[in-house]
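> A structural model of the following input is requested.
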Amino acid sequence: MTSDAVTDYPSSLEEIIDDVNYRKETINALKRFKRLNPWKGDLDSRITKFCKLHLSLCEIYGIDVKFRCHPSILENSHSGQSNYNPISRTITLHGRLSVLTFLHEWGHALKGRSEREACRWSVNLFRRVFPNNFERLRNNARGHFLSG
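Predicted structure coming up:
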């Protein structure tokens, strides 16, 4: 991550909460993903759910982004090493399979290097489709900008 990306990272949730307009197909794809319950099932079935959403987003946005997953078998591992590589056009999830992290990396695929724009796109989409999970994250996000 460059110093520009670090300085662009929002310091509070209020900075990025907005009524973002999303493509109808994006909302529908996320609602289908939600019905699959991405937090349930064994690791392989959960990865398959993320892959299906990924393929839907590639089709919706007409871009070819690769998806790699290096999940952790540890229940409480973090996903902080996840990233989007713009050169290889690859999203890589490391650690915990996090819906918000996945959407954040998709935010980079669509919006570029700006952390603020990736956060704005991903957090508002997550908030719109997973409102209960969003509130739970906001209430438990000690030390993270979601707690602001």
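
> quick one: I17 and V123 touch, right?
Yes. Counting by C-beta atoms under 8 Å, V123 is a contact partner of I17 at 7.3 Å. To be clear about C-beta, it is placed using only N, CA and C from the backbone, and glycine gets the same treatment.

> show me which of the two is the more surrounded one.
It is V123, of I17 and V123, that has more neighbours when counted by other C-beta atoms under 10 Å, with 25 against 14.

> list the buried residues of stretch 104-117.
Buried positions in stretch 104-117, judged by neighbour count with 16 or more other C-beta atoms under 10 Å: 104-111, 114-117.

> for stretch 127-139, same thing?
For stretch 127-139, the buried set under the neighbour-count rule, 16+ other C-beta under 10 Å, comprises 127-130, 133-134, 137-138.

> closest one of the residues you listed to N28?
V129 (9.8 Å; C-beta to C-beta).

> and Y84, helix, strand or coil?
Secondary structure, DSSP: H, G, I helix; E, B strand; the rest coil: Y84 is strand.

> start the count at 53 instead of 1 going forward.
Noted, 53 is the first residue going forward, which turns the last one into Y136.

> list the contacts for it?
Y136 sits next to 117, 142-144, 157-158, 160-161 when contact means C-beta atoms under 8 Å, 6 or more residues apart in numbering.

> lowest pLDDT pick from those?
On pLDDT alone, T144 ranks lowest of the contacts of Y136, at 93.

> hang on, that one in a strand?
Yes. Membership of T144 in a strand is supported by three-state DSSP.

> that one contacts H106, correct?
No. Counting by C-beta under 8 Å, T144 sits too far from H106 to count as a contact (11.7 Å).

> neighbour count winner among those two?
More crowded of T144 and H106, by other C-beta under 10 Å: H106, with 21 against 16.

> list the contacts of that one.
With C-beta under 8 Å, 6+ apart, H106 has these contacts: 117, 119, 143, 154.

> quick one: distance of the helix or strand where it lies to the chain centre.
In the assignment (DSSP states H and E), H106 maps to helix 95-113. Helix 95-113 has its C-alpha centroid displaced from the chain centroid by 12 Å (C-alpha atoms, centre = their mean, to the nearest Å).

> doesn't F178 make contact with F186?
Yes. Between F186 and F178 there is a contact under C-beta under 8 Å: 5.7 Å.
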